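Q: sequence first, then the predicted structure:
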Amino acid sequence: MLLSPNPDLLAAFAKLWGPLLGLALALDWPGHAGYYQWLSSSNLAIARRRGLGFNASRPYGFLRIPALSCRALNYLNTGLAAMFALSCFAPHLHALWLVAFVLFLLYASQLGQESSMGQHACVPVFGVLVYLGLGVGTRWASGFIKLHLTSLYFAPGLLK
């Protein structure tokens, strides 16, 4: 069913998904930190740009993302992992998910060219964070999450 008859199912999803995302960030951190340290110290032209994807494109076509120091990225990763891990205690807190969206956008844009931050790992997170931020406790949010994730994986299959 596209629209969940029970809005609390979305809160239950948020209670599980947030800590899993926090755990994934914590486990991926050593690789991300090493890559970012190498990227920051390299003389590559792409190393001066921050954005999403291999070409470091501006998020949403217009947002300029500042380059963070390695220490600042460490703090950001730690804060994000802790925020996601603790989200299970407050899944209905809309502001938490919206702040997490902004911070994850900043985090992912620093690691745009890193292979584990690609389409399948990173892009679905943005939409889900927005839907949780705008709709935990409502009937429509779970339907949009299902539709969004289905379209992310179904549409490329149709194009092949």
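A: Sure thing, it's come through.

Q: got the contact list for the lowest-mean-pLDDT helix or strand in the chain?
A: None of the helices or strands of the chain scores lower by mean pLDDT, DSSP states H and E than helix 119-135, at a mean of 76. Helix 119-135 has contacts (CB atoms under 8 Å, 6 or more residues apart in numbering) with 10, 14, 17, 21, 52, 91, 94-98, 100-101, 104-105, 108, 141-142, 144-145, 148-149, 152. Where you see a C-beta, it was placed from the backbone N, CA and C, and this is true even at glycine.

Q: could you list which of those residues belong to strands?
A: Cross-referencing the contacts of helix 119-135 against strands under DSSP state E gives no overlap.

Q: Arg64 reaches Ser57, doesn't it?
A: No: the criterion here is CB atoms under 8 Å, and Arg64 misses it with Ser57 at 11.6 Å.

Q: between the two, who's got more neighbours?
A: Ser57 (13 against 10; other CB atoms under 10 Å).

Q: which residue packs closest to that one, ignoring adjacent ones?
A: Computed as CB to CB, 6 or more residues apart in numbering, the closest residue to Ser57 that is not its neighbour in sequence is Gly51, at 4.8 Å.
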